[in-house]
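Colleague: Just need the structure, nothing else, for what follows:
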Amino acid sequence: MAKGTWQTVYLVRQTINHLPPILTVRKDAPMHVLAIVSQKGGTGKSTLAFSLAVAAEEQGLRTSIIDIDPQGTTKKWYSRREAETGPEVNALSVNQLEAAMPLLRKQGVQLVIIDTPGADTPGVTAAIQLADLCLIPARPSVADIEASAPTVSAIHRLGKPFSYVLNQCPPGRSIRTTDAFRVLQLTGAVASTPLALRADHMDALATGQGVTERDPNSKAAGEIRELLTWTLNRMEGKPHGQKQTRVA
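Modeller: Purely as a prediction, here's the structure:
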């Protein structure tokens, strides 16, 4: 192995070696990788990443977030976190990303969520290559849907499965959300649960929580749990609905 590769592996190991061991996880347990990707900024990639990760941990899945976005939104969220349980967050460079996967698998991690920058970078390409599923958040607007085209092209080029998720939708019944859902169904899979624009997401970001922690009975928490179930079913090859559920 080349010297540079050994150095990368060493740096990654130093970064993630604080993960505590899990004795109950089988060595052959699968590890799924979810990449949250969009070359358009402001679509809510980071808030999706940490709230999905927290919800997954609450369901008993050992989860790790890898933040490769130079803005470090998820890493900053983690620095504000007071809870002793929940997902780990590791800020890695694109050169460290691939080397991290076998190390996380050895640690017993079952779900890896990669938070990517809102730009066309080598890191986004690397995340897509490693992913079992790419999740593309898009607001119900022409601008967001049009801006997702380069991301979809990159995913197709690399032969990876993907799904859209409508994010930051107007609460309640909305023609805009319904029309966007129908358009996205024509271009590929779309998660059946749109996520409404709710203050809970911004409040959770500010306090280092997931929305399912901040208010477990909130509408935002319910939407995140539904999206997590849909996403896990998709990655595991189980039936998943394509009929839109109404935003409450």
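Colleague: how many other residues sit next to residue 115?
Modeller: Residue crowding around residue 115 was assessed by other CB atoms under 10 Å; the count is 28. All C-beta atoms are positioned from the backbone trio N, CA, C, and that covers glycine.
Colleague: So it is in contact with residue 66, correct?
Modeller: Yes - with the criterion set as CB atoms under 8 Å, residue 115 and residue 66 qualify as a contacting pair; they are 7.0 Å apart.
Colleague: For residue 32, see how far away the residue lying closest to residue 80 once chain neighbours are set aside is.
Modeller: Using CB to CB, 6 or more residues apart in numbering and skipping the chain neighbours, the partner closest in space to residue 80 is residue 208 (3.5 Å). Using CB to CB, to the nearest Å, one obtains 24 Å as the distance from residue 208 to residue 32.
Colleague: ok, now residue 78?
Modeller: For residue 78, the distance to residue 32 equals 21 Å [CB to CB].
Colleague: Let me see the ranges of the strands in this protein.
Modeller: In the chain, the strands defined using DSSP state E lie at 32-36, 63-67, 88-91, 111-115, 133-138, 162-166, 189-190.
Colleague: surely residue 152 meets residue 162?
Modeller: Yes - checked against CB under 8 Å, the pair residue 152 and residue 162 is within contact range at 6.9 Å.
Colleague: helices or strands up against the longest helix anywhere in the chain?
Modeller: Taking residue count as the measure and DSSP state H as the definition, the longest helix of the chain comes out as helix 219-235. Identification of packing neighbours for helix 219-235 by 3 or more CB pairs under 8 Å, 6 or more residues apart in numbering; DSSP states H and E yields strand 32-36, helix 45-58, strand 133-138, strand 162-166, helix 199-207, helix 211-214.
Colleague: how about these, which one is nearest residue 102?
Modeller: Residue 102 sits nearest to strand 32-36 of all those, at 11.9 Å, using CB to CB.
Colleague: quick one: the closest one to strand 133-138, angle?
Modeller: Orientation of strand 32-36 against strand 133-138 (axes from the mean of the first three to the mean of the last three CA atoms, to 10 degrees) gives an angle of 20 degrees.
Colleague: what's in contact with strand 32-36?
Modeller: Defining contact as CB atoms under 8 Å, 6 or more residues apart in numbering, one finds that strand 32-36 is touched by 45, 48-49, 52, 101, 110-116, 127-128, 130-137, 231-232, 235-236.
Colleague: between that strand and helix 45-58, how big is the angle?
Modeller: The directions of strand 32-36 and helix 45-58 differ by 150 degrees, with the same axes, to 10 degrees as the criterion.
Colleague: Would you mind writing the CA trace of strand 32-36 as CSV?
Modeller: Extracted in CSV, the C-alpha atoms of strand 32-36 (Å, rounded to 0.1, in the frame of the first residue of the first chain):
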residue,chain,number,x,y,z
HIS,A,32,-25.9,0.9,4.8
VAL,A,33,-24.5,4.2,3.5
LEU,A,34,-26.9,7.1,2.8
ALA,A,35,-25.6,10.1,0.9
ILE,A,36,-27.6,13.3,1.1
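Colleague: Kindly provide the distance from the nearest residue to residue 187 once chain neighbours are set aside to residue 227.
Modeller: Across the structure, with CB to CB, 6+ apart as the measure, the residue nearest residue 187 apart from its sequence neighbours is residue 152 (6.8 Å). Using CB to CB, one obtains 19 Å as the distance from residue 152 to residue 227.
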